[in-house]
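Asks: This is the structure alone, sequence omitted:
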């Protein structure tokens, strides 16, 4: 296998879509976030909040009532799509019909805070089978795919964002073995599924189904906290909703997330920074790219 290409900020800056001043929110896409559960509302708020900071025209949060109530208190820019809950507070599989009917969305983000449930497995099965819109699958969305990995149509942009534990569950390979060749295993999963794979660890490997492989080699232990992956997923999904192809959205989302994390660490330190601080740093990170501050 070829050595992965290291991501540099100059190349990333060239990927950033330019925004015309005459644009409206309809020109910048709509992201439908199918995220959250009664016991994990924060993951939905973090992913949707990060997406809003990455320039998408509209974020619609589809979730159960407790999540939407929390969103109304703090995520003022998002619209909501109520979905029924099962007895454990997870999104019920019958809610899939509402998701499929929400045709305004130009991309889907599924899984952040979804929880592990039979309903979640059925939901993911339908969304990977019966929907053709670009999709990012993260967290418990990935866990729902274990044992039944889909094969995405070449015409459907798809991104999978596993950390090492999720990658182990998806592939059946233990994490220690995975770490011996992270890029190779990411590339193998990308070929198998037809999706771009963003394999998260101290460094990040991004693999495309056509064999291209990139490395983001900027470790930051301040990001080693629950919720950081939700922020990353929101960044990638926002760029996918704006019409970028899956590899470009993954590269740009990962690079913006990394730079925003570095800015949060500079400001607050790696001990005290939180994923919400990374979201607050996203605008400055993107502005640096826009202005060529490399």
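Replies: Arrived safely. These figures come from a predicted structure and were not determined experimentally. Numbers count the residues shown, from 1 in each chain.

Asks: So what does residue 288 have for phi and psi?
Replies: As for residue 288, its main-chain torsions (degrees, to the nearest 10) stand at phi -60, psi -40.

Asks: Could you find the closest non-adjacent residue to it?
Replies: Counting by CB to CB, 6 or more residues apart in numbering, residue 288 lies nearest to residue 259, which is 6.9 Å off, once chain neighbours are set aside. (Glycine included, C-beta is placed from N, CA and C.)

Asks: Distance check, that neighbour against residue 163.
Replies: Noted for residue 259: a distance of 20 Å to residue 163, by CB to CB, to the nearest Å.

Asks: Of those two, give the one with the bigger neighbour count.
Replies: residue 259 (22 against 19; other CB atoms under 10 Å).

Asks: I'd say the more buried one and residue 7 touch.
Replies: No - judged on CB atoms under 8 Å, residue 259 makes no contact with residue 7 at a distance of 10.8 Å.

Asks: Quick one: distance of stretch 208-216 to the chain centre.
Replies: Relative to its chain's centre, stretch 208-216 lies at 17 Å (CA atoms, centre = their mean, to the nearest Å).

Asks: average pLDDT for it?
Replies: When pLDDT is averaged along stretch 208-216, the result is 97.

Asks: cool, and stretch 19-35?
Replies: Mean predicted lDDT for stretch 19-35 stands at 95.

Asks: Quick one: end-to-end distance for it.
Replies: Length of stretch 19-35, first residue to last, CA to CA, to the nearest Å: 28 Å.

Asks: Equivalent analysis for stretch 152-165, please.
Replies: 22 Å.

Asks: Give the buried residues for it.
Replies: 152, 156-164 (16 or more other CB atoms under 10 Å).

Asks: Okay, and which of these map to helices?
Replies: residue 164 (DSSP state H).

Asks: want to throw the buried residues of stretch 152-165 into a markdown table with pLDDT and distance to residue 218?
Replies: Listed next are the buried residues of stretch 152-165 as a markdown table, based on pLDDT from 0 to 100; distance: CB to CB, whole Å:
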| residue | pLDDT | distance to residue 218 |
| --- | --- | --- |
| 152 | 97 | 28 |
| 156 | 97 | 30 |
| 157 | 98 | 25 |
| 158 | 98 | 25 |
| 159 | 98 | 20 |
| 160 | 98 | 21 |
| 161 | 98 | 17 |
| 162 | 98 | 19 |
| 163 | 98 | 16 |
| 164 | 97 | 17 |
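
Asks: what about the closest residue to residue 253 other than its chain neighbours, how many neighbours?
Replies: Closest residue to residue 253 apart from its sequence neighbours, by CB to CB, 6+ apart: residue 236 at 3.3 Å. By the criterion of other CB under 10 Å, residue 236 has 32 neighbours.
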